[in-house]
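Asks: need the 3D shape of this:
(2 chains)
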Amino acid sequence: AQTVTQSQPEMSVQEAETVTLSCTYDTSESDYYLFWYKQPPSRQMILVIRQEAYKQQNATENRFSVNFQKAAKSFSLKISDSQLGDAAMYFCAYGYNFNKFYFGSGTKLNVKP
Amino acid sequence: KAGVTQTPRYLIKTRGQQVTLSCSPISGHRSVSWYQQTPGQGLQFLFEYFSETQRNKGNFPGRFSGRQFSNSRSEMNVSTLELGDSALYLCASSRVGETNEKLFFGSGTQLSVL
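Replies: Residues are numbered from 1 along each chain as shown, chains lettered A, B, ... in the order given. I've put the predicted structure just below:
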């Protein structure tokens, strides 16, 4: 069965510093996709970054990058130069079959000024 | 371009009642999926519709059902409500529902069952 685990319920980072959020997953599939979504207080989930499992190169989107370790089934999110607007819940997600995604329980990120 | 619209935003029901939630996807999007979000549980997949057909279903009891109309709008229904059904219900749309597509989420319907 596919499962996604986020072991850090809450994290804090100083503004302008770097923070890494952890995610591990379990699957027997070889071709799949991994995502990080952000959920601000408005409750609307927003895609942060996406990684295809068949690509060895780690995805990057401006200040956001991932460390994808396929063999270890690990998919961490690094946020550089943290900003106050980055404060939110972050969810790691795994998908392989027509929009049926498995989400982790989330990590609440606090950004201190 | 309007985003994904979910109505109502908040809903209070009592045990045993039934409820219908509505989701209007982004114009041109034909895939609509539903998720239940509870504190500490993350999001759990309910079902996904494409062109009025349910393509995928999560592990929820038969009290949870849904449908999609020809204009891609979708509704989900929960019958015989239980206290444990209290949650934020999120709807997401994408163009055709391919796994690599970006999902666009609505702001959800917060359901409270008393």
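Asks: quick check: residues of chain A near chain B?
Replies: Within chain A, the residues that sit near chain B (C-beta under 8 Å from any C-beta of the partner chain) are A:4, A:6, A:32-33, A:37, A:42-47, A:50, A:52, A:91, A:93, A:95-106. Every C-beta, even on glycine, is put in place using the N, C-alpha and C of the backbone.
Asks: report the buried members of those.
Replies: The neighbour-count criterion (16 or more other C-beta atoms under 10 Å in any protein chain shown) marks A:4, A:6, A:32-33, A:37, A:43-45, A:47, A:50, A:91, A:93, A:95-96, A:98-106 among the residues of chain A next to chain B as buried.
Asks: out of those, list just those in strands.
Replies: Members of those lying in strands (criterion: DSSP state E): A:4, A:33, A:37, A:47, A:50, A:91, A:93, A:95-96, A:100-103.
Asks: how about low-confidence regions in the chain?
Replies: All of this is about chain A. A:1, A:98 (pLDDT under 70).
Asks: that was the other one, I meant chain B.
Replies: Applying pLDDT under 70 to chain B picks out residues B:1.
Asks: count of neighbours near residue A:31?
Replies: Residue A:31 has 9 neighbouring residues, counting by other C-beta atoms under 10 Å in any protein chain shown.
Asks: the residue lying closest to residue A:52 once chain neighbours are set aside and residue A:48: what is the separation?
Replies: Closest residue in space to residue A:52, ignoring its immediate chain neighbours: residue A:33 at 5.8 Å, by C-beta to C-beta, 6 or more residues apart in numbering or on different chains. Using C-beta to C-beta, to the nearest Å, one obtains 14 Å as the distance from residue A:33 to residue A:48.
Asks: swap in residue B:44?
Replies: 20 Å.
Asks: the more surrounded of those two?
Replies: Neighbour totals were compared for residue B:44 and residue A:48, and residue A:48 leads with 20 against 17 (other C-beta under 10 Å).
Asks: could you pull up the residues touching that one?
Replies: By C-beta atoms under 8 Å, 6 or more residues apart in numbering or on different chains, the contact list for residue A:48 reads A:35, A:36, A:37, A:38, A:61, A:64, A:77, A:90.
Asks: buried ones among those residues?
Replies: Judged by 16+ other C-beta under 10 Å, buried ones among these: A:35, A:36, A:37, A:38, A:64, A:77, A:90.
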